[in-house]
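Engineer: next come a sequence and a model predicted from it.
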There are 2 protein chains.
Amino acid sequence: METTWTHRLREAGLRVTRPRLSVLDVLAAHPHADADTIVTGARAQHPTLSPQTVYGVLEALVSVGLARRIEPAGAPALFELRVGDNHHHLVCRSCGAVADVDCAVGAAPCLSPSDTAGFVVDEAEVVFWGLCRRCQVTAAEESETVGGTPA
Amino acid sequence: METTWTHRLREAGLRVTRPRLSVLDVLAAHPHADADTIVTGARAQHPTLSPQTVYGVLEALVSVGLARRIEPAGAPALFELRVGDNHHHLVCRSCGAVADVDCAVGAAPCLSPSDTAGFVVDEAEVVFWGLCRRCQVTAAEESETVGGTPA
DNA sequence: CCCTTGTTTTGAACCAGTCAAATCAAGGCG
DNA sequence: CGCCTTGATTTGACTGGTTCAAAACAAGGG
């Protein structure tokens, strides 16, 4: 399958290197990975890989459109390979888990704010904040022990 | 008018202090100020104010719901007093300017993603990215000098 | 006016991310 | 098949925004 990445990289005008292939593999396995996760993961294939190299690789991938960077408030940046399909994200306030969501109301109603205040808008970014399933359970258990809503 | 802030602070269970009143005044004058702007501005009334104190004040204001923190990707956090009305933001990619927008499609269609993946969503945050009026002009001028679309 | 408790202050520390110079290797060319 | 150009990686130092901890301080109830 690395052949696919090889082609994609070359199509984008990027050289095919081991760090890049490693990072792409990690991203394929972890759809919303932060830089640190990627460094750790990629070292399985390339043990001497440095964080700075990963930052360089990620910047290259993002700049040619092979990856997308998302930056949830208060958390390190995440990277994903799913690009060009106008999807959004659910973020867990408790554990930071991220899940993809397709645009809520079909096409992109979000893309048309009522009053643009003179701005030319080219992208609408939507983040849904909440609690993931696991953290809902945790929160419920904790409130029980404090006297929330016992059985 | 400081009396208003005094009341709001006390209602929220916070003590009324000079740093807090100064920060609130700056926020009223700069609807989307970052921490640094607030420190500088508040020093007009309170010259010895330290950045850490401002961070403390802001955290207190946000925690009781008197202010809201917004964190556009790649920029320092901004703070605003407009809270509780589910509005969103236009952010200029070039200069970072921020403008308010009321929710595009009336109430809150954003609040209902089609598939929540098990998340319990409590807020939908929307950021419209683009160019503010001033930066559109700048961009147009620059492309002219390079040979874009001359007059 | 005192005392309690929440605030501010001071100072240090942290982390994700960035910058610059030097080394290295991808892959076009001969 | 191997040289050479140019882009990529490496190394290392560094920044800016933010947070932490302990000590001094002041708001405001009694």
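Structural biologist: That came in fine, so what should we check first? Residues are numbered from 1 along each chain as shown, chains lettered A, B, ... in the order given.
Engineer: tell me if the helix or strand that contains residue A:52 is near chain B.
Structural biologist: Using DSSP states H and E, residue A:52 sits within helix A:51-63. No: using C-beta under 8 Å from any C-beta of the partner chain, helix A:51-63 stays clear of chain B, with a minimum separation of 11.9 Å. C-beta: built from backbone N, CA, C; applies to glycine.
Engineer: what is the neighbour count of whatever residue of chain A ends up closest to DNA strand C?
Structural biologist: Residue nearest to DNA strand C within chain A (C-beta to the nearest atom of the strand): residue A:77, separated by 3.0 Å. As a burial measure, residue A:77 scores 15 neighbours (other C-beta atoms under 10 Å in any protein chain shown).
Engineer: and the angle for the lengthiest strand in chain A with strand B:120-131?
Structural biologist: Ranked by residue count under DSSP state E, the longest strand found in chain A is strand A:120-131. Comparing the axes of strand A:120-131 and strand B:120-131 via axes from the mean of the first three to the mean of the last three C-alpha atoms, to 10 degrees yields an angle of 160 degrees.
Engineer: strands of chain A, start to end?
Structural biologist: Using DSSP E, strands in chain A cover A:33-34, A:68-70, A:78-80, A:87-92, A:98-102, A:120-131.
Engineer: quick one: contacts for residue A:89?
Structural biologist: Residues in contact with residue A:89 (C-beta atoms under 8 Å, 6 or more residues apart in numbering or on different chains) are A:32, A:70, A:72, A:98, A:99, A:100, A:101, A:126, A:127, A:128.
Engineer: beta partners for the fourth one?
Structural biologist: With DSSP bridges as the criterion, residue A:98 is bridged to residue A:91.
Engineer: report how many residues lie close to it.
Structural biologist: Residues near residue A:98, counting by other C-beta under 10 Å: 21.
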